[in-house]
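Asker: Got a predicted structure here, sequence first:
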Amino acid sequence: MTDINRTLFSVNRAQEEKHTKEYALRMKMPYADLVGYPFASDVFEAIPFDQAILHKVIPFLKIGKTIKIGIVEPENTDTKNYLQTIAKSEAVTFSSNVISNTSLLFSLQAYEQVIKKKQEQHGQSGFETQENLSDKIKTLADVAKTAASVNTTRTFDVLLIGAVKNSASDIHLEPGESNYLVRYRIDGILQNVVRLPQAGYKSLLSRIKFLAKLKMDKMNEPQDGRFSVTVDKNRIDLRVATLPSAYGESVVLRLLGQDRSMQRLDNLGFRPDALAIIHQAISQPHGMILNTGPTGSGKSTTLYAIILEVRKPGLKIITLEDPIEYRIEGVEQSQIDPEGKYTFADGLRGCLRADPDIIMVGEIRDTETAQIGVQAALTGHLLLSTVHANSAPAVFPRLIDIGVKPFLLAGSVNLVMAQRLIRVNCQKCLEEYLPPDPIWQEVVKSMATVTNRIDAHLAQMLQGRPKLRRGRGCPACNNSGFVNRQAIIEVLRPDGAIEDLIAKQATQSTFMEASIKQDMITMEQDGLIKVLQGKTTIEEVWRVTKEG
């Protein structure tokens, strides 16, 4: 049977090379196809790697002082000027041949392999030994100072190492008129790191696009890609998203798989009563356990913790993920690939034929996945997944809106959770303070429905106006007053009243009222309990729980 993908690739390659030959004829220049070309390892030395990416040129043959180069854009003025400068300074002559983008990519990969071999021969390994950057960089101030002092080739290394050392989840690169701004998202908040000259941005962008296998010549449309690197012996997976902006393409790099181990359920900071409810739900042999919250709220971490809790030699567990963030021994993990037409619904249908006991679906976002998931839960499987909703009670109207039949939904859900991440007070600059009376009265009002469900000494604090705790700000927390984050959670077990509302297709507010009557502790109330315990601040809790 013919491999259709291979056939299409061959056709597209033939078309690309045909167009490149025609372009070379119009330019009255020789044409070269460098795919499979046997490069000599020393030929690349004529042009630095980052400049080869930036200018889309590659040296491929050296004869005396004449160097044959492949060039994608021979009409580019910047490229012409660069080659003239190099030719003059090195006293060489460049003989240009028009090549395709595929030829360039193949050549750059060969160039990269030569660089890696040289590093290995000198006992080097990726980012670890590049001018001992890792030893120099600890704080955001170190990142800014080092990034401003290195050449553009090393800028990416500095920014990546700095992000890892400061536990950033994302790196934002935002070009401006005369410089570009680097920001890290740390503990959910964007923090300015450094502004660097705009002149070096194009080279940095080209390197990132090359690593992520993005189209180098596409600048006016968004692109997504990914790649992996090793920093301080830890593998880091990066998801890359580019977006056209007024001064060039902005870039966001999400860091996945940083030096983080999977957390046990008991170590996530959940209240004892919430933990008891979760443990009871996951002990059931079938049904749905759903978690909701915005992107970056820790939903996946909680589901991974549940998998560690239920994992046993006698059970078969299959996960469907996009991306796979942690590798779990004894669990079959399947990578969803929407671009390759492998969706959550496809994966869910497939894994049901593989005789699983427990299934984790990264996200329920469409009717087909939701319906198959409900059927799985009703036919003897324990199904874990996430849904986009604002609260635990809001999950039910959300699933009904997606297209799940109410009479099926009512009997399929064991537990619904909702969570957010709040920043935790820095312990090195902790101080006491007295909250303003109006704010404290609002806290007392918010906690009124749960005073009988919290520890007696915390309930007693609500009777007066006690001193609370906050981080003052110090170098250890980059003067933010916070270090790390912790989840706040609400857990809801559907009872008869909730199931009646599902059958009636009630509104979100009606579900919330019924949940409060069931004594559900809301995320806001859970956060305020942590305020009373001295773990965070009122403002931080309200920042993540107050809508609008």
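Answerer: Yep, it's here.
Asker: just for the protein, where's the confidence low?
Answerer: Judged by pLDDT under 70, the chain has its weakly predicted residues at 1-11, 119-132, 257-261, 547-548.
Asker: at 50 what do you get?
Answerer: 1-9, 124-129, 131, 259, 548 (pLDDT under 50).
Asker: how's it carved up into domains?
Answerer: 17-121, 133-256, 265-545 (automatic domain parsing).
Asker: could these be laid out in CSV, adding mean neighbour count?
Answerer: The way it works is simple: take the backbone N, C-alpha and C, and place the C-beta from them, glycine included. Listed next are those as CSV, based on neighbours: other C-beta atoms under 10 Å:
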stretch, mean neighbour count
domain 17-121, 16
domain 133-256, 18
domain 265-545, 18
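Asker: In the stretch 51-200 of the chain, what residue spans correspond to helices?
Answerer: All helices of the stretch 51-200 of the chain, identified by DSSP state H, counting those that start in this stretch, fall at 77-90, 101-121, 133-136, 140-147, 152-165.
Asker: Check which helices and strands the second one is in contact with.
Answerer: This points to helix 101-121. In this structure, helix 101-121 makes packing contacts with helix 4-27, helix 49-55, strand 57-63, strand 66-71, judged by 3 or more C-beta pairs under 8 Å, 6 or more residues apart in numbering; DSSP states H and E.
Asker: And for the shortest one?
Answerer: For helix 133-136, the elements it packs on are helix 140-147, helix 152-165, judged by 3+ C-beta pairs under 8 Å, 6+ apart.
Asker: Kindly reformat those helices as JSON lines and extend each row with distance to H286.
Answerer: JSON lines is the format used below for these (distance: least, C-beta to C-beta, whole Å):
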{"stretch": "helix 140-147", "distance to H286": "48"}
{"stretch": "helix 152-165", "distance to H286": "41"}
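Asker: Now the spatially most central residue of the chain: which helix or strand?
Answerer: In the chain, the C-alpha closest to the average C-alpha coordinate belongs to R254, at a distance of 3.9 Å (C-alpha atoms, centre = their mean). With secondary structure defined by DSSP states H and E, R254 is part of strand 248-256.
Asker: Please give the centre-to-centre distance between the next helix or strand after that strand and its chain.
Answerer: Scanning forward in sequence from strand 248-256 by DSSP H and E, the next helix or strand is helix 272-282. The chain centroid and the centroid of helix 272-282 are separated by 28 Å, computed with C-alpha atoms, centre = their mean, to the nearest Å.
Asker: who touches helix 272-282?
Answerer: For helix 272-282, the external contacting residues (C-beta atoms under 8 Å, 6 or more residues apart in numbering) are 265-266, 270, 287, 289, 306, 309-310, 382, 414-415, 417, 453, 489, 491, 493, 521, 526.
Asker: Was I right to think K215 contacts Q223?
Answerer: Yes - if you go by C-beta atoms under 8 Å, K215 and Q223 touch, sitting 6.5 Å apart.
Asker: any shared contact partners between these two?
Answerer: Contacts common to K215 and Q223, judged by C-beta under 8 Å, 6+ apart, are K209.
Asker: hmm, back to that, check the spacing between the residue nearest to the centre of the chain and N12 real quick.
Answerer: 30 Å (C-beta to C-beta, to the nearest Å).
Asker: and what of V143?
Answerer: V143 is 41 Å from N12, by C-beta to C-beta.
Asker: what bridges to the closest residue to S167 other than its chain neighbours?
Answerer: Nearest residue to S167 in three dimensions, chain neighbours excluded: I186, at 6.4 Å (C-beta to C-beta, 6 or more residues apart in numbering). I186 has these beta-bridge partners by DSSP bridges: A168, I189.
Asker: swap in R423?
Answerer: R485.
Asker: Tell me the spacing between it and E221.
Answerer: 36 Å.
Asker: Next: P494.
Answerer: 44 Å.
Asker: try L409
Answerer: 39 Å.
Asker: Equivalent analysis for F60, please.
Answerer: F60 is 31 Å from E221, by C-beta to C-beta.
Asker: cool, and R470?
Answerer: 45 Å.
Asker: A40 touches K62, doesn't it?
Answerer: Yes - using C-beta under 8 Å, A40 is in contact with K62, at 7.4 Å.
Asker: could you show me where the helices are in the stretch 201-350 of the chain, in order?
Answerer: 201-211, 272-282, 299-310, 344-352.
Asker: Surely T367 is in contact with G403?
Answerer: Yes - under the criterion of C-beta under 8 Å, T367 makes contact with G403 at 3.6 Å.
Asker: for V92, what are its contacts?
Answerer: 46, 65-67, 86.
Asker: can I get the residues you listed in a markdown table with distance to S95?
Answerer: Output for the contacts of V92, formatted as a markdown table (distance: C-beta to C-beta, whole Å):
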| residue | distance to S95 |
| --- | --- |
| A46 | 12 |
| K65 | 11 |
| T66 | 6 |
| I67 | 7 |
| I86 | 13 |
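Asker: C-alpha coordinates for stretch 215-229, PDB please?
Answerer: Coordinates of each C-alpha in stretch 215-229 appear next as PDB, following Å, rounded to 0.1, in the frame of the first residue of the first chain:
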ATOM      1  CA  LYS A 215       8.700  28.600   8.800                       C
ATOM      2  CA  MET A 216      11.400  31.100   8.700                       C
ATOM      3  CA  ASP A 217       9.800  33.100   5.800                       C
ATOM      4  CA  LYS A 218       6.400  33.400   7.500                       C
ATOM      5  CA  MET A 219       6.200  36.600   9.500                       C
ATOM      6  CA  ASN A 220       2.700  37.800   9.100                       C
ATOM      7  CA  GLU A 221       0.800  34.900  10.600                       C
ATOM      8  CA  PRO A 222       0.900  33.100  14.000                       C
ATOM      9  CA  GLN A 223       2.900  29.900  14.200                       C
ATOM     10  CA  ASP A 224       3.200  27.200  16.900                       C
ATOM     11  CA  GLY A 225       6.000  24.800  17.500                       C
ATOM     12  CA  ARG A 226       8.000  23.000  20.100                       C
ATOM     13  CA  PHE A 227      11.500  21.700  20.900                       C
ATOM     14  CA  SER A 228      13.500  20.400  23.800                       C
ATOM     15  CA  VAL A 229      16.800  21.400  25.500                       C
END
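Asker: Okay, the spatially closest residue to L348 that is not a sequence neighbour and D401: tell me how far apart.
Answerer: Leaving aside its sequence neighbours, L348 sits nearest to I372 (C-beta to C-beta, 6+ apart; 4.8 Å). Separation of I372 from D401 (C-beta to C-beta): 17 Å.
Asker: what does A514 give?
Answerer: 18 Å.
Asker: ok, the residue nearest to S167 - contacts?
Answerer: 166-169, 478, 480.
Asker: try R470
Answerer: 425, 430-431, 433, 481, 537.
Asker: can we see that at 7 Å?
Answerer: R470 makes contact with 425, 431, 433, 481, 537, according to C-beta atoms under 7 Å, 6 or more residues apart in numbering.
Asker: Could you pull up phi and psi at it?
Answerer: R470 has phi and psi values of phi -150, psi 160 when expressed as degrees, to the nearest 10.
Asker: picking that back up, could the contacts of R470 go into CSV alongside secondary structure?
Answerer: Shown next, in CSV, are those (DSSP: H, G, I helix; E, B strand; the rest coil):
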residue, secondary structure
N425, strand
E431, strand
Y433, strand
G481, coil
T537, coil
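Asker: quick one: which of those residues is nearest V150?
Answerer: G481 (30.8 Å; C-beta to C-beta).
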